[in-house]
Structure formats: structure tokens, C-alpha cells
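In: kindly generate the corresponding structure for this input.
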Amino acid sequence: MPDIFFWMLSQLKRQSFSEVRCQQEYSGREEFNWDCKLLMTSEEALVFINEILNTNAGFAYNFARGPMESQTASATPHIPDLHNGTHYHEFMALLSRNRETKRYLEIGVEEGVLMSQIYADLAVGVDPAFRISANLAKNKRKTCLISATSDSFFADASLVANLSGAPDLAFLDGFHTYEFLLRDFFNTEAISDPRSLIIMHDCLPLNDVMAIRDLAEWRPKMMGTRFEKWWTGDVWKIIPILQKYRPDLKIVYVDCAPTGLVCISNLSPDNGVLKQKYHEIVKEFGEMPNDAANIDRMYSNIRITAASQITRGGEHRSFFRI
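Out: Here you go, the predicted model:
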């Protein structure tokens, strides 16, 4: 069954994707693997769906567009209804394995669910408030956790030295505002190799409410909607920023569920444009309204690639520099 099917079930049952997609096969606390035993057969899942369709009047509200969303959708034709590709945990697991990753850097680890699924010789995770609930050592020779903000990490050469060289693959999922992500990007690029790959999470929101900057303001507005657990903040602004100030980068936009991935290659570690113009950029894009119209405009200027095209065999080599 495709991952989007299990994602739909998770939304209906109000459970995590992993709880519906997989079944834990031991008594530990490690997060479920993307390829472990399924909780239900296809036949059982179809029965479950039919029961909801026949008995639950609230189904359309939770699963389909609500009245306000339908009105907004007509005014924002470029914003997709959903990202239907592989869940980003599975995508990252496959990509890290296919690239034979030597050094992996993750900014914003939190519970470590994603990091536990990464294949790498060495993995370095940075977070100011770890809440680890997964086996981060799995599929790695060495794992290093650094309790610090990303700004503090990049400012301290002794902390960066834990990578033992440039990261082959980096995943940025720190604080959800564009100015934080901008700093994380140019600081990561500066310690990378031209062949490194930087991947940014949550940059492809599905409406303007999940893109609200303030978490406290976002929470009550999303309650009761089909996206009530999804907060992206305004990190989507990194896309027009890089398009304007770093046209030399190769950027691939991927339809990974639930909020997309932005993959950046052809890096130039010595390029200081973003850092030099940081305050100018923050002012410029701070004045850009964080609204549906601008998010729609952002989508109109990009082409989204199916995750399956990248993870199929060795296809990733045609998308990213190795």
C-alpha cells in the first residue's frame, strides 16, 4: 500500500504515521522502522475506511477541505491540496543509505525519530532541548549529540569539529522562522563540501495558517482542521530568498509528506553573499506578507518532483551532485 494511504488512516484515527504504518516488534522505545510489519491488511484498512464513510458525518471535515479552505483554494490555485509523496522519514532513510553517507548533520533533532532512521558512519545532532525517544545509534558507527542552539554550534569550532570533516548530508529542521533557517543554511554551507547535500524541512506549506510565525497564535487556529498538528512557520520564504540571492544553487523541491522537502546542492562554501547581506535580506522579506497569496506565488515559480523519482535505485545521482 502507498504511504499516503497510511498517512490518511493516521489522520482519521488521530495517531502518528508510524503507529498506523508499522507495528513495533520488540518491547523497547525505539521508533518504528519504515519497513517493518504492517498493522492492518489492505482488506482491513478498506473496511475501516468504509465504516467511517458510512457512519461518521465528521469525516468530510477532517479529511477533505473545509468550507473556508475551499474558498481559499480557488484564490490560490498553485498551492497543492496535499504532498502525496513518500513520508520524509522514509525518503531520508533511503537517500542516506543510497548515498552511502559518511557524515550526517541534523539541526533540530528533538525526539530523534528521523535521526534513528538515517544510515551514516557518523551522525551529529544539534538541539537545545533534546527529548530522545528513539535509538539514534542504529545504522551508524558513531553518534554525537550536542546540546546547543544552532547559532552556538556553528560559532564554536570545537563543536563543529565533532563532524570530522564536511557533512555529506545535512538536514535542517530548527526553529520555524525564515531568518533562523537562513542562518542555519549559510552556516551549514560554509562547513560543507561542494558535493554536500543540504535538505530543509517544512518549506512547502499547504495553507497560510500552518505558516503562522507564532506557535501560540497558530495552535488555536489549526485545532479541528485536517492539519492541526502541522506547523511550518514562515520558513517557506527561504525559497524566494535563495532564488534571488543564490541563483547558482541547484534546488529540487520534493513532494514528501506531509510538508515537503527542499534539497540543495551545487554548494559554494566560500560564497558569503547570504551572510554579508543577512540584515538586508531579513528586512526585505520581513516586509513580505506571510499570506496565502505570496505562498501561492512561491509555488507558481517552482516545479515539484516526486520523491519516488529520486529514491528509485541510483536515480538520486541525476538530481544531486555526488
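In: hang on, residue 248 packs against residue 267?
Out: No - at 9.3 Å, residue 248 and residue 267 do not qualify as touching, with contact defined as CB atoms under 8 Å. The way it works is simple: take the backbone N, C-alpha and C, and place the C-beta from them, glycine included.
In: who's more crowded, the two?
Out: The residue with more neighbours, out of residue 248 and residue 267, is residue 267; 25 against 11, by other CB atoms under 10 Å.
In: ok so the more buried one is a helix residue?
Out: No - counting by DSSP: H, G, I helix; E, B strand; the rest coil, residue 267 is not part of a helix but coil.
In: show the pLDDT at it.
Out: Looking at residue 267, its pLDDT is 97.
In: and what of residue 35?
Out: So, for residue 35, pLDDT stands at 46.
In: start at 37, not 1
Out: With 37 as the first residue, the last one maps to residue 71.
In: could you pull out the helices for the stretch 87-236 of the chain?
Out: Ranges of helices in the stretch 87-236 of the chain, per DSSP state H, counting those that start in this stretch, are 95-99, 103-111, 124-134, 186-191, 193-196, 214-226.
In: oh, that last question was meant for the stretch 237-358 of the chain, not what I typed.
Out: Secondary structure of the stretch 237-358 of the chain by DSSP H, counting those that start in this stretch: the helices cover 251-258, 274-281, 309-312, 314-322, 328-336, 343-347, 352-355.
In: send over the first one as CSV, restricted to the C-alpha atoms.
Out: When you say that, I think you mean helix 251-258. C-alpha atoms of helix 251-258 as CSV (Å, rounded to 0.1, in the frame of the first residue of the first chain):
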residue,chain,number,x,y,z
LEU,A,251,3.2,29.0,17.6
ALA,A,252,0.8,30.3,20.2
GLU,A,253,-1.2,32.1,17.6
TRP,A,254,-1.1,29.1,15.2
ARG,A,255,-2.4,26.4,17.6
PRO,A,256,-6.0,27.6,18.2
LYS,A,257,-6.5,28.4,14.5
MET,A,258,-5.5,24.9,13.4
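In: model confidence over it, on average?
Out: 88.
In: kindly report the same for the third one.
Out: When pLDDT is averaged along helix 309-312, the result is 98.
In: now do that helix: which elements does it pack against?
Out: Counting contacts by 3 or more CB pairs under 8 Å, 6 or more residues apart in numbering; DSSP states H and E, helix 309-312 is packed against helix 214-226, helix 274-281.
In: tell me the contacts of the nearest residue to residue 140 once chain neighbours are set aside?
Out: Excluding the flanking residues, the one nearest residue 140 by CB to CB, 6 or more residues apart in numbering is residue 156, at 3.9 Å. Applying CB atoms under 8 Å, 6 or more residues apart in numbering, we find residue 156 in contact with 132, 137, 138, 139, 140, 175, 176, 204, 205.
In: buried ones among these?
Out: Using 16 or more other CB atoms under 10 Å as the burial test, the contacts of residue 156 include 132, 137, 138, 139, 140, 175, 176, 204, 205 as buried.
In: for the residues you listed, give me CSV that also has pLDDT.
Out: Formatted as CSV, the buried ones among the contacts of residue 156 follow (pLDDT from 0 to 100):
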residue, pLDDT
132, 96
137, 97
138, 97
139, 98
140, 98
175, 96
176, 98
204, 96
205, 98
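In: returning to what we had before: now, which of the contacts of residue 156 sits nearest residue 125?
Out: Within the contacts of residue 156, the smallest distance to residue 125 is 10.9 Å, found for residue 132 (CB to CB).
In: and the spatially closest residue to residue 113 that is not a sequence neighbour, how many neighbours?
Out: Of all residues not flanking residue 113 in the chain, residue 332 sits nearest, at 7.1 Å (CB to CB, 6+ apart). Using other CB under 10 Å as the criterion, residue 332 is surrounded by 17 other residues.
In: mind listing what residue 332 touches?
Out: Residues near residue 332 by CB under 8 Å, 6+ apart: 111, 112, 113, 114, 115.
In: please identify which pair of those residues lies farthest apart.
Out: 111 and 114 (10.6 Å).
In: the nearest residue to residue 311 once chain neighbours are set aside: neighbour count?
Out: Leaving aside its chain neighbours, residue 311 sits nearest to residue 222 (5.0 Å; criterion: CB to CB, 6+ apart). Residues near residue 222, counting by other CB under 10 Å, number 20.
In: got the contact list for residue 326?
Out: Applying CB under 8 Å, 6+ apart, the residues contacting residue 326 are 244, 247, 248, 249, 270, 273.
In: for the fourth one, grab phi and psi.
Out: The main-chain torsion angles of residue 249 are listed as degrees, to the nearest 10 and equal phi -70, psi -40.
In: that one and residue 211 touch, don't they?
Out: No - between residue 249 and residue 211 there is no contact under CB under 8 Å: 10.2 Å.
In: pull up the gap between the residue most central in space within the chain and residue 321, please.
Out: For the chain, the residue nearest the mean C-alpha position is residue 237 (2.7 Å; CA atoms, centre = their mean). According to CB to CB, to the nearest Å, residue 237 stands 19 Å off from residue 321.
In: ditto for residue 338
Out: According to CB to CB, residue 338 and residue 321 sit 16 Å apart.
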